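S.K.: I would like to see how this sequence folds:
(chains A and B)
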Amino acid sequence: MFSHLARIERPERTQQIDVVSDEDPLAQRQAAIAQLRRACRSDFGRAADPPLPTGCEVIDQALHGGLPRGQMVEVVGKVGRLSLALTVLAQATQRRELAVMIDGADAFDPRSAEALGIDLRRLLWVRVKTGNDALRAADMVLSAGGISMLVLYLVAQGDPQLALRTALWTRLGQRTQRAKASVLICADKPLAQSFAVATLGFHNDGVRWQDAPGGRGQLSERLARIEVMRSRLGAPGDSQPWCLRK
Amino acid sequence: MSLTCERVACLWIPSWSLQALLRARPELRAQKVVVSDGLLPSSLLLGATLPLRQLGVRVGQTVAQARNLCAELQVHVLSDANRQAAKDALYDVASAFSPVIECGDGFVLLGVGDLAKLFPDEETLGKALLVQAESVRLHGRVAIASYKETAKLIAKARADVTVIRRGDEKLYLRALPLSVLPLSASQALLLSRFGLRTLGDLMALPRTKLPTRLGKEGLRLHRLASGEDDSPIQPTTPPVEVCESLDLDEPEQNLEPLLFLLRGLVDRMMARLRAMSLACGDFVVELLEKPHGIRRVEVKVATPTREVATLTELLRLSLQAHPPETEVRGLLVRTMAQRPRPLQLGLFDGEQILPERLMTLIGRLQALCGDGKVGQAVAADSHLPGLCDVVPLNPPTKRDDDTGPPLSPSPRLALHMLRPPRAATVRVNGSRLLHLHSDGLSGPVLRSGGPYRIRGSVGNEGLRDYYDVELPGGEALRLFFDRDEGNWFLDARYD
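M.R.: Numbers count the residues shown, from 1 in each chain, chains lettered A, B, ... in the order given. The predicted model follows:
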């Protein structure tokens, strides 16, 4: 029953051994727990980590369960990208995990975020100036480890060469895999392309209004259509409607 | 205030001045170095390293005499900062064992009468004291006795740990040389003329006749030599902050060598904090610039830590952002000791980022993005929408029993803020918006909602009328009319 504990005593049998500094007992304990987890997984045959649900049924269906761990997912289009990003971050912070948003457009609004349920105390907001800086920041975040959700918001980025920086995207893909993080990239057009496990296209489907007191009118809903442009997670289905209430 | 303790331990640091210097400059240990009370040839030596002692250099010689024995010796004078840092380190060592501490130059006395439950015997306690002193790079000797002066005299003369039972004081003191007593030069000369060599010789003199030859001081020396001085421990005020400093032989401006030296200072600071079971919070680095300037760099540490690598990395990032402008002639690091933040790890929790790594990550991101660009977003204290501030991120631990805001049951439309708001030109017919033109955006307004009037704060300016508009192609935007300025601005996009 306790064979996994015996494996801790014989690190040569485990596949991976964490290297930590001698002076940091906390890091040593964390490495021991990580090692124990790996031993448990290998002994009890646990499958790959389950995907993280996004909180949007339509998106979860399109991604066959949610955002896969250790992979990048890209959403492109003209609508719904920030709404999805904030919903995903809200889910992560509600699980009491630390999430990171790298904001290339300085577009984050804390009031909208709190209304969606984001615990701002568990969200690291990083404002970058250029797409290159955004990729470098993402690299730093993933290298640090311990971050389960990273949103890379690259909407309205003026750098047309960003999609061509294959070396950076390759590196980012490897870092994501190693960190077992879920990375959501939001952009106007595909940037990560084949380095992402799936690319979703969000198309505009109109706006709904409702009457407000005084006959002033109020924007009530925004409609979008979700299309799986490319996916390695499974067969892409038909495009699905998505309604976003204000 | 004075306290009486049944048992007193004395930790004595031999060659105090030399050890205080070598603690700050460990690279000098293998070199031919003397510490003196001045740089003149007539200055007296306070200590010499082993290579010089092997050549015959001794404490008490003059610099000139030492130079005769070894021409290439280096003469150092111990700075006040280094002396104080070593003294504080000695206090920190003692504070790990007892709250009753009297600290002086080269020794510390502590009341250890009630430590029987923690240590099986006094010898083990003495050894633990020596190990703790080694951790702050001070090599000492320990004596434990019933009287503080007895413990001090024996610690001066005997190596390692000596435990003196009550009543055995005279046995140990008898053989000690007179030089262990705090004698003035004239007293030492007088006693040697009397033919006295050991404390036993002094002890044998009749006490009643001593005042006629040696005065009142003679009686005190006799009581000391007999192990009868029962003066209590005079507690020393604990140091307010942990401070380490270094004077550079050659001024330096390049960051890398300075960081190398600063790492040594941080290392020493952490050794002292570890001795007290405390950690380092925010700390200040002072660069003493030529000729008389002081450049202060404050390093923010989100969570108290003892990890030298993390602190050094934060220091590197801070100094890269604020590099020295001129050559630096000295370095100083100081901090207020703080309690370490406990972190409970769980087997069934997901992987978490360690607070130290998070600090380093935020520091690196700040170096990349600039100040005020990384942290926790908070809504600004205003009724106007879209305004926000950034504060340092200090996430609660996973096990904290607190909850954030309630999760929205379904995805909601988010606002993509446009910062700063873009100037716009809007054609209006009465209260209807007809056409919008802004940077890269132009078209007829298909439908609009509003106005919704909002004032920034009561009594202040900032009265705005907000509108939602729909443009051809399904673009949904929020814009406002600034009533104070009389201009239109594009504020956000519904994404």
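
S.K.: For chain A, which segments are assigned as helices?
M.R.: A:3-9, A:25-44, A:57-62, A:81-94, A:110-116, A:131-144, A:166-179 (DSSP state H).

S.K.: Quick check: which ranges of chain B have low pLDDT?
M.R.: B:1-5, B:345-351, B:397-403, B:457-461 (pLDDT under 70).

S.K.: domain ranges for it?
M.R.: Following automatic domain parsing, chain B resolves into domains at B:1-32+B:73-239, B:242-338, B:415-494.

S.K.: before we move on, what about chain A?
M.R.: Using automatic domain parsing, chain A is parsed into the domains A:3-44, A:57-245.

S.K.: For B:T150, which non-adjacent residue is closest in space?
M.R.: B:G227 (4.4 Å; CB to CB, 6 or more residues apart in numbering or on different chains). Any C-beta I mention is one placed from the backbone N, CA and C, and that applies to glycine too.

S.K.: Give me the phi and psi angles of that neighbour.
M.R.: phi 70, psi 30 (degrees, to the nearest 10).

S.K.: if we can go back for a sec, which stretch among the domains of chain B comes nearest A:G206?
M.R.: Between A:G206 and the domains of chain B, the shortest gap by CB to CB is with domain B:415-494, which sits at 5.6 Å.

S.K.: is that closest one anywhere near chain A?
M.R.: Yes: against chain A, domain B:415-494 shows contacts by CB under 8 Å from any CB of the partner chain at B:415-419, B:447-452, B:468, B:470, B:473-476, B:492, B:494.

S.K.: Any quick ChimeraX command for the buried ones out of those?
M.R.: Here is the ChimeraX command that selects the buried residues among the residues of domain B:415-494 next to chain A (16 or more other CB atoms under 10 Å in any protein chain shown):
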select /B:415,416,417,418,419,448,449,450,451,452,468,470,474,475,476,492,494
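
S.K.: Now for A:L162, how many residues are close by?
M.R.: 21 (other CB atoms under 10 Å in any protein chain shown).

S.K.: quick one: contacts for the residue nearest to it when sequence neighbours are not counted?
M.R.: Nearest non-adjacent residue to A:L162, counting by CB to CB, 6+ apart: A:G131, 4.1 Å away. The contact partners of A:G131, by CB atoms under 8 Å, 6 or more residues apart in numbering or on different chains, come to A:G104, A:L154, A:Q157, A:D159, A:L162, A:L191.

S.K.: Can you tell me which of those residues are buried?
M.R.: Using 16+ other CB under 10 Å, the buried members of these are A:G104, A:L154, A:Q157, A:L162, A:L191.

S.K.: which among these gets closest to B:L315?
M.R.: Scanning those for proximity to B:L315, where the rule is CB to CB, the winner is A:G104, at 29.3 Å.

S.K.: is it true that the closest one touches A:D159?
M.R.: No: judged on CB atoms under 8 Å, A:G104 makes no contact with A:D159 at a distance of 9.3 Å.

S.K.: Show me the common contact partners of these two, please.
M.R.: A:T130, A:G131.

S.K.: hmm, back to that, widest-spaced pair of the buried ones among the contacts of A:G131?
M.R.: Using CB to CB for every pair in those, the one that comes out farthest apart is A:G104 and A:L191, at 10.7 Å.
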